[in-house]
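**Q** Sequence and predicted structure, then a few things I'm wondering about:
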Amino acid sequence: MGYTANDIRNICLLGHGGDGKSALCESMLFTTKAITRLGKRADGTTVSDFDDEEKKRQYSISTSVIPVEYNKCKINVLDNPGYFDFAGQIVQSLRVSDAGIICLTAKSGIGVGTEKGWKYLAKANLPAMFYVSKLDEEHANYFGTVDSLREMFGASVIPFTFPILKGEQAVGIVDLIEKKAYDESGKEIALPAEAEEKIEEYMAELNEQVAETDEALMEKFFMEEPFTAEELMTGIKAGIRDRSVTPVFCGCAYTGLGTTNLLSNLVKF
């Protein structure tokens, strides 16, 4: 199928080795039915690590381009090596990218790869997003990870999605802008009461960042007038473009939790 430039997104994945980049690619392909089973790196069956050397070492050496088709859009995902000995590959992929997603895990949080990914994107002046992976790991702490991201990278960092927890287990995901909750299969579920508070808190932070993108919006913000849906959309897009809004997404590649939501946000914004 032919795509116009408007329907194509080139997104590069950054972050440390083991922080879930290739697994996220697999999940995107599986969710969009491009592959019929989830490859696992340990078995040497992932799509992005097709090279024998990569299978043996169990990490990516070269950047691979994974085309994902979702909602009449083509998302070219550039899966970069997480070990920075292969930095040349990363710099090349940034030249063709519209934006970057920095992967980090909900358990380990910020690592060297997270900071390096941020620096690469800042230097290339490209929009940045974070994807907090492996929500299913024991001691995964999404909210703690978001707090440390905000501490390190500033107020532009805003959770666009966050997990619904039952005990320690992530049983669903909430989309901040849509104010809706979804299960692993991407089906809408009831929004839990505690999610409402978080939505309010994060929306207040987002509105503040959005206000900075435009004088008219700033005026509205000071008058405490709510933004229309359209103003919010335009403001978010402008904020992502000028790096005053850095969305945080989350999920679990193996169960597919959050993958559909990430895809629809990539298309939307």
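**A** It's in.
**Q** Which secondary structure elements does the helix or strand where L232 lies sit against?
**A** In the assignment (DSSP states H and E), L232 maps to helix 229-241. Counting contacts by 3 or more C-beta pairs under 8 Å, 6 or more residues apart in numbering; DSSP states H and E, helix 229-241 is packed against helix 193-211, helix 215-222. Where C-beta positions appear, they are placed from N, C-alpha and C, glycine not excepted.
**Q** For that helix, which outside residues touch it?
**A** Applying C-beta atoms under 8 Å, 6 or more residues apart in numbering, the contact partners of helix 229-241 are 99, 127, 129, 156, 177, 206-207, 209-214, 217, 220, 227, 245-247, 269.
**Q** Could I have the ChimeraX command that selects the buried members from the residues you listed?
**A** In ChimeraX, this line selects whichever of these come out buried by 16 or more other C-beta atoms under 10 Å:
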select :99,127,129,156,177,206,207,209,210,211,212,213,214,217,220,227,245,246,247,269
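**Q** mind listing what's buried in the helix or strand containing S93?
**A** Taking DSSP H and E as the definition, S93 sits inside helix 87-95. For helix 87-95, the buried set under the neighbour-count rule, 16+ other C-beta under 10 Å, comprises Q89, I90, S93, L94.
**Q** neighbouring contacts of that helix?
**A** 12, 14, 62-63, 78, 80-81, 84, 100, 120-121, 124, 126.
**Q** you'd agree L165 is up against V171?
**A** Yes - if you go by C-beta atoms under 8 Å, L165 and V171 touch, sitting 7.1 Å apart.
**Q** how near is I101 to E188?
**A** Plainly put, I101 is 24 Å away from E188 if you go by C-beta to C-beta, to the nearest Å.
**Q** For the two, work out which one has more neighbours and name it.
**A** Neighbour totals were compared for I101 and E188, and I101 leads with 25 against 12 (other C-beta atoms under 10 Å).
**Q** Would you agree the more buried one is in contact with L14?
**A** Yes - counting by C-beta under 8 Å, I101 does reach L14; the two are 7.1 Å apart.
**Q** could you list every residue that touches the residue lying farthest from the centre of the chain?
**A** No residue in the chain sits farther from the centre than M223, which is 32.4 Å out by C-alpha atoms, centre = their mean. Counting by C-beta under 8 Å, 6+ apart, M223 makes contact with nothing.
**Q** For the protein, just list every one of the helices.
**A** 21-31, 52-57, 87-95, 112-123, 142-153, 193-211, 215-222, 229-241, 259-268 (DSSP state H).
**Q** Of all the ones you listed, which one is nearest F160?
**A** helix 259-268 (6.2 Å; C-beta to C-beta).
**Q** Go through the closest one and flag the buried ones.
**A** T259, T260, N261, L262, L263, S264, N265, L266.
**Q** Kindly report the same for stretch 104-116.
**A** So stretch 104-116, judged by 16+ other C-beta under 10 Å, has buried residues L104, T105, A106, K107, S108, G109, I110, G111, G113, T114, K116.
**Q** Pipe the helices of the chain into JSON lines and attach mean pLDDT per row.
**A** JSON lines is the format used below for the helices of the chain (pLDDT from 0 to 100):
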{"stretch": "helix 21-31", "mean pLDDT": "90"}
{"stretch": "helix 52-57", "mean pLDDT": "52"}
{"stretch": "helix 87-95", "mean pLDDT": "76"}
{"stretch": "helix 112-123", "mean pLDDT": "93"}
{"stretch": "helix 142-153", "mean pLDDT": "98"}
{"stretch": "helix 193-211", "mean pLDDT": "95"}
{"stretch": "helix 215-222", "mean pLDDT": "95"}
{"stretch": "helix 229-241", "mean pLDDT": "96"}
{"stretch": "helix 259-268", "mean pLDDT": "94"}
